[in-house]
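Trainee: Okay, sequence plus prediction incoming.
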Amino acid sequence: MNEHEHEHESANKNANDNANDNANDNANDNANADTGEPKHRIRALHTEDTITVYQAYRPAIGGPAARDGRFPDVWKRDRMTWIKPSFLWMMYRCGWATKEGQETVLAVEITREGFEWALRHACLSHYVRGFHPDQATWKRELRQSPARVQWDPERDLRLAPLPYRSLQLGLAGEASARYADEWTVSIRDVTPLAHEVHALVRAGDLEGAARLMPEERPYPAGAELLGHLVP
């Protein structure tokens, strides 16, 4: 298994993790009124034209990608890859860049046009009774869609689950290739930032850690983009 396959293998465990999170965190979902946050919202570092998402790779892939500002040829464009607008959810997934195969954290700035294309062509990664007409319809959507969405509990600085959800976007086929070769504007290695924030959290300086965090704001996505993705 090469580095890129390892990243995909790790990312494709998300469905199982999501099921576990649902079991552990459903009790928290009713607490949204206390936070003022809707249960499902995209929060991200974004500009008028771009949005930043995060991924973690082995250094053999992450290093060249950050150096050249594009994914190397060994990055398999025909495999599913998951992108995460939430920095802290990425930290939860990669263990502050300590997990094997996820030692290099990349901040990938992509066009909003591409991101929104993926949302429009996405389906939910799991079946929801009462939201989908039936399992057969959902399975057909899953086979035909080049993108899929999961909503997982957002994380705080200690990586504990919060009572609202963060988007993960899986890209495959056409979406994966366009992500790598058309939508990507820049790629930065933010592994040092991950380590610095983690060190402050471990030292108990949550205020200091929060000051270093990317400025993630609600992303303007209405029913046109998310109506078919929010159960």
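Mentor: Received, thanks. Numbers count the residues shown, from 1 in each chain.
Trainee: so where's the chain shaky on pLDDT?
Mentor: 1-35 (pLDDT under 70).
Trainee: Could you rerun that using 90?
Mentor: Applying pLDDT under 90 to the chain picks out residues 1-36, 78.
Trainee: ranges for the helices of it?
Mentor: Remark: helices assigned in the chain by DSSP state H are 3-11, 14-25, 32-35, 59-68, 87-94, 112-120, 135-144, 174-178, 191-202, 206-212, 223-226.
Trainee: Mind listing what's buried along the last one?
Mentor: Right, the one you point to is helix 223-226. By neighbour count on 16 or more other C-beta atoms under 10 Å, the buried set for helix 223-226 is 225-226. Every residue, glycine included, has its C-beta placed from N, CA and C.
Trainee: and it, what does it pack onto?
Mentor: Under the contact definition 3 or more C-beta pairs under 8 Å, 6 or more residues apart in numbering; DSSP states H and E, helix 223-226 sits against helix 112-120.
Trainee: which strand is the longest one in the chain?
Mentor: The single longest strand within the chain, with elements called by DSSP state E, is strand 161-171.
Trainee: May I have that one exported as CSV, CA atoms only?
Mentor: Taking Å, rounded to 0.1, in the frame of the first residue of the first chain, the C-alpha atoms of strand 161-171 are listed here in CSV:
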residue,chain,number,x,y,z
PRO,A,161,-17.2,16.4,20.4
LEU,A,162,-19.4,19.5,20.2
PRO,A,163,-23.3,19.4,19.9
TYR,A,164,-23.2,20.4,16.2
ARG,A,165,-21.9,18.9,13.1
SER,A,166,-19.1,19.6,10.6
LEU,A,167,-19.0,18.7,7.0
GLN,A,168,-16.7,16.2,5.3
LEU,A,169,-16.8,16.0,1.6
GLY,A,170,-15.6,12.8,-0.3
LEU,A,171,-14.6,13.2,-3.9
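Trainee: What is that strand packed up against?
Mentor: Counting by 3+ C-beta pairs under 8 Å, 6+ apart, strand 161-171 packs on helix 14-25, helix 32-35, strand 81-83, helix 112-120, strand 147-155.
Trainee: just how off-centre is it within its chain?
Mentor: Centroid separation for strand 161-171 versus its chain: 7 Å, with C-alpha atoms, centre = their mean, to the nearest Å.
Trainee: Next, the angle strand 147-155 makes with it.
Mentor: Using axes from the mean of the first three to the mean of the last three C-alpha atoms, to 10 degrees, the direction of strand 161-171 lies 160 degrees away from that of strand 147-155.
Trainee: Report the inter-axis angle for strand 161-171 versus helix 112-120.
Mentor: Going by the same axes, to 10 degrees, strand 161-171 makes 100 degrees with helix 112-120.
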